[in-house]
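**Q** this one's structure only:
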Ligand code: FAD
């Protein structure tokens, strides 16, 4: 693996860094306090091409490889994880999955809007009663006499839920046991019977529109199925395998932001008659963060490299997500320690980094679930 970025990748990173400094960083704290990111950011992300990365230009995408996608995702995560999540879900979990599994008609219907920012996508897998055990989801899609599907159920914790124009929804459509009966549907959110409620009171990612979706007799045509009937769990797992790389890249961004803030503050703050950067135990905190940043970044880039070379990557993606999410929490917590009491108030950015980092060990598979994925690959035995 060549660890040098190409000129094109460097240019993408610079573009992302400038965009984040201009459009995200100045607003992140206010969006967090207001519990709402300015929706205008979606259009701006679309204009600069960040919502179309890795998607074919034929469908409105901006092309590029997965390393470029990681670089952009890292910069967005450095600026504001709420904004990063909008991209990771609308592009990473929805548009990229439509591009991979969709019919020509589905690609032409959904991709130009999702990649330009004219529309937003959300990913509806989790339910109130099934999180880690997603294969046993209970939302039901029943085929009626006209060949349509009538869907009933509730989805919980859906990122972009109240903003989205389309939900990639997973429902049980056959009586086959476990995940074998699950089918993926592309459901427009203005379909009658679909209602949404904002989930308030989150510890972090406060700017993000997280929602509960309730489906009561939501009717969709058979052409709404993404992939094949009964193969929806494979659609979900393939989306999450790439999605975990995106979460990991966002976590690298959090850890980098924690490092930058802590190094700056350590150089400015004086105690015991000298800069705290001169105290050895403060340097220990800083070096622990720095090692976490580098290790998380390298694991994440390896996943991108594997995907771009067409190699298997799912287990490596779980490793990167597991390490990077735990590293982001550690890094933000260490940075908060460097800030002392000032880290605990929202005048400084590290408290938000810690709150935002915390969910990364929970969603798209908790740390325990990533360990089971890795353990299964090591032993050949499923311990789920
Ligand atoms: P549970 O599955 O109930 O887990 C509880 C605890 O038990 C955890 O510690 C878990 O690790 C542990 N556990 C469970 N099973 C095992 C096992 N076999 N072995 C060992 N330990 C186990 N979902 C979506 O579909 N779309 C989204 O866009 C989305 N966005 C989210 C945004 C936020 C802010 C949050 C908080 C969640 C989001 N989720 C989303 C849901 C998220 O993916 C789930 O919360 C996650 O999968 C965990 O499920 P759960 O909360 O039901 O916890």
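**A** Okay, I see it. These figures come from a predicted structure and were not determined experimentally.
**Q** could you use CA atoms for every contact and neighbour count after this?
**A** Will do.
**Q** residues in the stretch 151-300 of the chain within reach of the ligand, list them.
**A** Applying CA under 6 Å from any ligand atom, we find that the stretch 151-300 of the chain lies next to the ligand at 157, 158, 159.
**Q** which residue is nearest the middle of the protein?
**A** residue 88 (3.9 Å; CA atoms, centre = their mean).
**Q** by contact count, what packs against the helix or strand encompassing residue 373?
**A** Using DSSP states H and E, residue 373 maps to helix 367-379. Packing contacts for helix 367-379, counted by 3 or more CA pairs under 8 Å, 6 or more residues apart in numbering; DSSP states H and E, involve helix 314-339.
**Q** could you check the angle the helix it packs on makes with helix 367-379?
**A** 140 degrees (axes from the mean of the first three to the mean of the last three CA atoms, to 10 degrees).
**Q** what's the first helix or strand after helix 314-339?
**A** Downstream of helix 314-339 (by DSSP H and E), the next one is helix 350-358.
**Q** now do that following helix, average pLDDT.
**A** Regarding helix 350-358, the rounded mean pLDDT is 98.
**Q** ok, stretch 304-318 next?
**A** The average of the pLDDT scores along stretch 304-318 is 97.
**Q** show me the strands in the stretch 1-150 of the chain, by range?
**A** 121-124, 140-143, 149-159 (DSSP state E, counting those that start in this stretch).
**Q** give the buried residues for the second one.
**A** Looking back up the chat, that one is strand 140-143. Of the residues in strand 140-143, 140, 141, 142, 143 count as buried by neighbour count, 16 or more other CA atoms under 10 Å.
**Q** do the first one as well
**A** Applying a neighbour-count criterion of 16+ other CA under 10 Å, one finds 121, 122, 123, 124 buried in strand 121-124.
**Q** which residue is the nearest non-sequential neighbour of the first one?
**A** In other words, residue 121. residue 90 (4.4 Å; CA to CA, 6 or more residues apart in numbering).
**Q** wait, that neighbour touches residue 114, no?
**A** Yes - counting by CA atoms under 8 Å, residue 90 touches residue 114, with 6.8 Å between them.
**Q** can you work out which residues contact both of the two?
**A** Common contacts of residue 90 and residue 114 (CA atoms under 8 Å, 6 or more residues apart in numbering): 51, 120, 121.
**Q** give me the element residue 170 is part of.
**A** Using DSSP H and E, residue 170 sits within strand 166-172.
**Q** just checking, what packs against that strand?
**A** Using 3+ CA pairs under 8 Å, 6+ apart, strand 166-172 sits against strand 121-124, strand 140-143, strand 182-188, helix 232-268.
**Q** can you find the residue of the stretch 251-384 of the chain that comes nearest to the ligand?
**A** With CA to the nearest ligand atom, the shortest gap between the stretch 251-384 of the chain and the ligand falls at residue 363, namely 3.7 Å.
**Q** OK, contacts around the nearest residue to residue 345 once chain neighbours are set aside?
**A** Closest residue to residue 345 apart from its sequence neighbours, by CA to CA, 6+ apart: residue 351 at 6.9 Å. Counting by CA under 8 Å, 6+ apart, residue 351 touches 332, 336, 343, 344, 345.
**Q** go with 7 Å
**A** With contact set as CA atoms under 7 Å, 6 or more residues apart in numbering, residue 351 has these partners: 336, 343, 344, 345.
**Q** where exactly do the helices run in the stretch 51-200 of the chain?
**A** Counting by DSSP state H, counting those that start in this stretch, one finds helices in the stretch 51-200 of the chain at the ranges 66-79, 81-87, 96-101, 104-116.
**Q** list the contacts of the longest one.
**A** This means helix 66-79. Helix 66-79 is contacted by residues 9, 12-13, 16-17, 20, 24-25, 53-54, 83-84, 246, 249-254, 256-257, 301, 304-305, 307-308 when judged by CA under 7 Å, 6+ apart.
**Q** please point out which parts of it sit buried.
**A** Of the residues in helix 66-79, 66-79 count as buried by neighbour count, 16+ other CA under 10 Å.
**Q** turn those into CSV, columns for distance to residue 273 and pLDDT.
**A** Converted to CSV, these look like this (distance: CA to CA, whole Å; pLDDT from 0 to 100):
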residue, distance to residue 273, pLDDT
66, 48, 97
67, 45, 96
68, 45, 96
69, 45, 97
70, 42, 98
71, 40, 98
72, 41, 98
73, 40, 98
74, 37, 98
75, 36, 98
76, 38, 98
77, 36, 98
78, 32, 98
79, 33, 98
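**Q** report how many residues lie close to the residue lying closest to residue 155 once chain neighbours are set aside.
**A** Leaving aside its chain neighbours, residue 155 sits nearest to residue 127 (4.4 Å; criterion: CA to CA, 6+ apart). Residue 127: 23 surrounding residues under other CA atoms under 10 Å.
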